[in-house]
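Peer 1: using only what follows, build the 3D model:
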Amino acid sequence: MTLNRRSLLAAATALAGSSLLPRGAMAAETIKLGSLLDTSGIFDAYGKPMDMALRLAVNEINEFGGLLGRQVDVVAYDTQSDIALYTQYAQQLVRKDQVDVVHGGILSASREAIRQTLRKSKTLYFYNVLYEGGVCDRNIFINGVTPAQQVEALVPYALEKAGGKKVYVLAADYNYGHITAKWIQKYVAENGGETVAVDFFPLDVSDFGSTIAKIQTAAPDLVIAPLVGGAHLSFFRQWAAAGMKDRIPLASTTLGVGNEHKVLTPEEGDGIMVAYNYSEELRGRANTHFQTNWERAYGDTSSIHELAVSTYQGVMTWAEGIRAAGSLDRDQVVEALENGVTIDGPAGKVTVDSKSHHAYLDVYIMELENQRMKVIKGLPQRAPIDTQAVCDLKANPDDNQQYEIKI
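Peer 2: Numbers count the residues shown, from 1 in each chain. Model prediction:
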């Protein structure tokens, strides 16, 4: 089932207002889409564009007649980069607001803080963020890239570009960083390399002087840095200031997903290697329409990033599941999505994997250049094989856990 995107130009007028609410009266018969995102706090650089993308998608849906003849109403809470607020607002969405679906969560910790609440209430949940993989739950759909889709593509390219096999890993000190570091080590070894050290950093660490000295002593051929958040951005600045950027190549599984590459100067960022589902430079009608409508709604496209596009595609995937089901009933929508719903999104084709509830996605190997992501190579429709290896919701529909995939 493929959603062939019609022209989005008609939607632009409705997006001019700052509230971005659907036109017309908000009747009791609206479909309620709950949103839990950090639009303030230390992760607002991720959350604000995700919120903008969600509202852009909803307004487009409403401008083309809504779903099942009903408009979609966004019920949004700012979780303020506070895990406790995720728990509080998730309960409010399902008990008081009685939403039909929730899109939200940024860190894996925020996802796990609300996942069981949404499952118990039978409220469908979409997590639209790249992450470490392994979540197996029939109530959730995930359309961000997993390590097998991203890291497996990035590591061999980065090793070849570096011209050596010794790798030093710097990672955020929570489950995403720890698990991603293991995947990096796996793919480094599979490509004939050696991981000489792995260091982990709490999210509030911003001084990397001693770490840079350790790296200089270890003398690796490549540094791979799955660091997260504004404080960790300091590493890339300090690395360049120490004169290291032109001595040891850098790759990252996270830099740029929140537009961090636009904060770094070209002198600090150029040449860093990444692999994601989206680049603003992608050609194609769907991305052109998406960028056109974003610019008309918000003034320019500078705020678009990987997680914003993933959020937009997540809302469109949910909408297509409702169209296919012809119903808002959660079980019917889940069954429709499991039949292999496909949309044509700004980043390419997105296809639901019925076995794992993750997505087949196009992945692009890129290098930072003048604060942009220059596409080097495209890898179409990569499967989430890491999560598929442990999660089979067709065979075990009651499964409910995040597997730590054996690496």
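Peer 1: Gly47: how many residues sit nearby?
Peer 2: Counted with other C-beta atoms under 10 Å, the neighbours of Gly47 add up to 27. Just so you know, the C-beta spots here come from the backbone N, C-alpha and C atoms, and that holds for glycine as well.
Peer 1: distance of the residue lying closest to it once chain neighbours are set aside from Asp51?
Peer 2: With C-beta to C-beta, 6 or more residues apart in numbering as the criterion, Gly47 has its nearest non-adjacent residue at 3.7 Å, and that residue is Asp38. According to C-beta to C-beta, to the nearest Å, Asp38 stands 9 Å off from Asp51.
Peer 1: between these two, point out the one with more neighbours.
Peer 2: Asp38 (26 against 23).
Peer 1: on the pLDDT front, check that one for me.
Peer 2: pLDDT recorded at Asp38 is 97.
Peer 1: OK, contacts around it?
Peer 2: Residues near Asp38 by C-beta atoms under 8 Å, 6 or more residues apart in numbering: 44, 46-47, 78-81, 106, 110.
Peer 1: can you put these in CSV and add pLDDT?
Peer 2: Shown next, in CSV, are the contacts of Asp38 (pLDDT from 0 to 100):
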residue, pLDDT
Asp44, 94
Tyr46, 94
Gly47, 97
Asp78, 98
Thr79, 98
Gln80, 97
Ser81, 95
Ile106, 96
Ser110, 96
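Peer 1: which one of those residues is nearest Gln91?
Peer 2: Thr79 (12.6 Å; C-beta to C-beta).
Peer 1: wait, that closest one sits on Ala90?
Peer 2: No - checked against C-beta atoms under 8 Å, the pair Thr79 and Ala90 is beyond contact range at 9.2 Å.
Peer 1: from the contacts of Asp38, which ones fall inside helices?
Peer 2: 44, 46-47, 110 (DSSP state H).
Peer 1: filter those down to the buried ones, PyMOL style.
Peer 2: Only the buried entries of the ones in helices among the contacts of Asp38 go into this PyMOL selection, using 16 or more other C-beta atoms under 10 Å:
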select buried, resi 44+46+47+110
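Peer 1: pick the one among the ones in helices among the contacts of Asp38 closest to Glu367.
Peer 2: The closest of the ones in helices among the contacts of Asp38, once distances to Glu367 are taken by C-beta to C-beta, is Tyr46, at 22.0 Å.
Peer 1: now the common contact residues for Thr79 and Ala90.
Peer 2: Residues touching both Thr79 and Ala90 (C-beta under 8 Å, 6+ apart): Leu36.
Peer 1: list the contacts of Asp270.
Peer 2: Contacts for Asp270 (C-beta under 8 Å, 6+ apart) come out as 367-370.
Peer 1: if we can go back for a sec, and the contacts of Asp38, which is closest to Gln116?
Peer 2: Ser110 (12.9 Å).
Peer 1: columns distance to Asn191 on top of the contacts of Asp38, output as JSON lines?
Peer 2: As requested, the contacts of Asp38 are arranged in JSON lines below (distance: C-beta to C-beta, whole Å):
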{"residue": "Asp44", "distance to Asn191": "37"}
{"residue": "Tyr46", "distance to Asn191": "30"}
{"residue": "Gly47", "distance to Asn191": "35"}
{"residue": "Asp78", "distance to Asn191": "42"}
{"residue": "Thr79", "distance to Asn191": "39"}
{"residue": "Gln80", "distance to Asn191": "41"}
{"residue": "Ser81", "distance to Asn191": "36"}
{"residue": "Ile106", "distance to Asn191": "30"}
{"residue": "Ser110", "distance to Asn191": "33"}
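Peer 1: which residue ranges of the stretch 201-350 of the chain form strands?
Peer 2: Using DSSP state E, counting those that start in this stretch, the strands of the stretch 201-350 of the chain run over residues 222-224, 250-251, 273-276, 342-345, 348-352.
Peer 1: make TSV from the ones you listed and add mean pLDDT and distance to Tyr312 to it.
Peer 2: Output for the strands of the stretch 201-350 of the chain, formatted as TSV (pLDDT from 0 to 100; distance: least, C-beta to C-beta, whole Å):
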stretch	mean pLDDT	distance to Tyr312
strand 222-224	98	28
strand 250-251	97	26
strand 273-276	97	15
strand 342-345	97	7
strand 348-352	97	10
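Peer 1: report pLDDT for the residue nearest the centre of the chain.
Peer 2: Nearest residue to the geometric centre of the chain (C-alpha atoms, centre = their mean): Val129, 2.5 Å. The per-residue pLDDT reported for Val129 equals 96.
Peer 1: relative to Ser310, how far out is it?
Peer 2: From Val129 to Ser310 the distance is 6 Å (C-beta to C-beta).
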